[in-house]
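*Asks:* Kindly generate the corresponding structure for this input.
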Amino acid sequence: MSDPVMAYLAGVEPAKRALIEHYYDLVLELFPEAVPGTKYAMACYTLRGKGLVSVMATRAGLSVIPFSGSLNAQVAGDFEVSEGGGSLYCTLERPLPDDAFAELVRLRAAQIG
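*Replies:* This next block holds a predicted model:
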């Protein structure tokens, strides 16, 4: 079976790909049992069959998507959150700090149970 995360990353510009890979490395440090998958047509990491987190390249930077609109506001600080709350936006120049990203992933994993 092919890895949808690796397939997605193959088409992402190098600087954004490096940051996305860094975030996904954090996911695997926190939850080694997380597996690559696809949810809502987005490459992501899953936990127990549910979407854990997706990090997608955008024109302006990155969109971090924890598959739960209630979580981003808890860790966003002064980062922009999409109108529906489903995405948190950051840039290469101002990435989401590792501790905030890790907290977002932990919160989502707790929701998954």
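
*Asks:* Run through the helices of the chain in chain order.
*Replies:* Remark: helices assigned in the chain by DSSP state H are 4-9, 14-30, 72-75, 98-112.

*Asks:* ok, and for the longest strand anywhere in the chain, which residues are buried?
*Replies:* Across the chain, the strand with the greatest residue count (assigned by DSSP state E) is strand 50-57. Neighbour counts over strand 50-57 (16 or more other C-beta atoms under 10 Å) mark 50-57 as buried. Placement of C-beta: from N, CA and C, glycine included.

*Asks:* Same question for stretch 8-24.
*Replies:* Using 16+ other C-beta under 10 Å as the test for burial, stretch 8-24 gives 8-9, 12, 16, 19-20, 23-24.

*Asks:* One more: stretch 67-76?
*Replies:* Neighbour-count burial for stretch 67-76, with 16+ other C-beta under 10 Å as criterion, is recorded at 67-68, 71-72, 75-76.

*Asks:* Ok, stretch 92-100 next?
*Replies:* Within stretch 92-100, the residues that qualify as buried are 95-96, 100, counting by 16+ other C-beta under 10 Å.
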